[in-house]
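*Asks:* From the sequence below, what's the structure:
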Amino acid sequence: MDSIWEYSYRTLLSFAILLLLTRLSGKKQLSQMTFFTYITGIALGNIAGDIIVHKDIPIYAGIIGMGLWTILTIFLEKMSLKSSLLRVIFDGEPAIVIQNGKIQTKAMASSKLNMDDLSMLLREKDIFSIREVDYAILEPHGQLSVLKKQENEYPTKKDMKIPIQKRLYLPTELIVDGKTIEQNLKKLQFDHDWLDQQIKQQGVNSVQEIFFAELQSDGSVYLDKKQEQQNR
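*Replies:* Now for the predicted structure:
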């Protein structure tokens with residue numbers, strides 16, 4: 001009888017602590033989870049399970065383990081908000097698997113993605129032919145983002161007999177949280193003088209004033225200033 005009460009007590013306590021820690025660790029939905037957050041969830045669940053079934057493990061030891069793991073996770077996620085390098089390490093980078101309608105075999109190989117997987121992911125987007133796709137990007141959480149060719153967008157411009165303008169660029173991040181994305185600027189073959197000119201045309205004097213900037217398909221630049229700048 002004592003064992004039943006002890007197991008019940010351990011179960012209720014572990015459940016309450018796990019619920020509290022998962023609430024503290026963030027609000028990412030399951031579809032947004034990266035490999036790192038997925039492993040964190042498994043680790044916390046395993047520790048909670050060990051507290052319940054292994055009576056030789058002191059309850060305080062399990063609580064310390066769960067608490068420390070959660071604190072480290074929160075700390076690293078806070079740091080990754082400020083560092084693009086840490087975001088790449090913990091969340092990974094998106095991989096372009098179809099570019100300008102062409103399958104990128106190297107990107108697929110590095111992402112451990114085969115054609116069956118790619119076809120399945122496209123079908124989930126209601127796309128049954130690769131020839132309809134202009135760009136397909138495998139996101140760090142495993143979902144596929146797809147940009148259709150303009151003539152296949154709904155309602156199709158072909159159906160409505162609207163002249164098609166060639167897409168000049170793939171929408172690309174230029175500035176995030178006041179920092180220039182150097183690798184993207186280099187890939188686009190633009191320099192800082194060009195970027196400064198673009199932001200000054202929109203009444204912004206410094207990159208540090210911008211929270212997010214993105215190059216649009218037509219070559220224009222979309223800006224979203226930091227909140228403290230907007231409130232001035």
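*Asks:* Would you map the strands across this protein?
*Replies:* Using DSSP state E, the strands found in the chain span residues 95-99, 102-103, 133-138, 144-148, 172-176, 179-180, 210-215, 221-225.
*Asks:* any idea which of those is most buried?
*Replies:* Most buried of the strands of the chain by mean neighbour count (mean count of other Cβ atoms under 10 Å) is strand 133-138; its value is a mean of 21. All C-beta atoms are positioned from the backbone trio N, CA, C, and that covers glycine.
*Asks:* Just want the phi and psi numbers for Asn205.
*Replies:* The phi/psi pair for Asn205 (degrees, to the nearest 10) reads phi -90, psi -20.
*Asks:* Break down the chain into its helices, ranges please.
*Replies:* Here the chain has its helices, by DSSP state H, at 2-24, 35-53, 59-82, 84-91, 105-110, 115-123, 157-160, 182-187, 192-200, 227-230.
*Asks:* rank the ones you listed by pLDDT, which is bottom?
*Replies:* Lowest mean pLDDT within these: helix 227-230, a mean of 63.
*Asks:* quick one on the thing from earlier: format the strands of the chain as TSV; extra columns: distance to Thr40 and mean pLDDT.
*Replies:* Formatted as TSV, these follow (distance: least, Cβ to Cβ, whole Å; pLDDT from 0 to 100):
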stretch	distance to Thr40	mean pLDDT
strand 95-99	23	94
strand 102-103	33	90
strand 133-138	22	94
strand 144-148	24	94
strand 172-176	24	92
strand 179-180	26	92
strand 210-215	27	91
strand 221-225	30	90
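*Asks:* Now tabulate those strands in JSON lines and tack on distance to Leu118.
*Replies:* Below are the strands of the chain laid out as JSON lines (distance: least, Cβ to Cβ, whole Å):
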{"stretch": "strand 95-99", "distance to Leu118": "6"}
{"stretch": "strand 102-103", "distance to Leu118": "8"}
{"stretch": "strand 133-138", "distance to Leu118": "7"}
{"stretch": "strand 144-148", "distance to Leu118": "8"}
{"stretch": "strand 172-176", "distance to Leu118": "22"}
{"stretch": "strand 179-180", "distance to Leu118": "32"}
{"stretch": "strand 210-215", "distance to Leu118": "26"}
{"stretch": "strand 221-225", "distance to Leu118": "29"}
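*Asks:* on that earlier part again, can you tell which of the helices of the chain is closest to Tyr169?
*Replies:* Tyr169 lies closest to helix 182-187 among the helices of the chain, at 10.4 Å (Cβ to Cβ).
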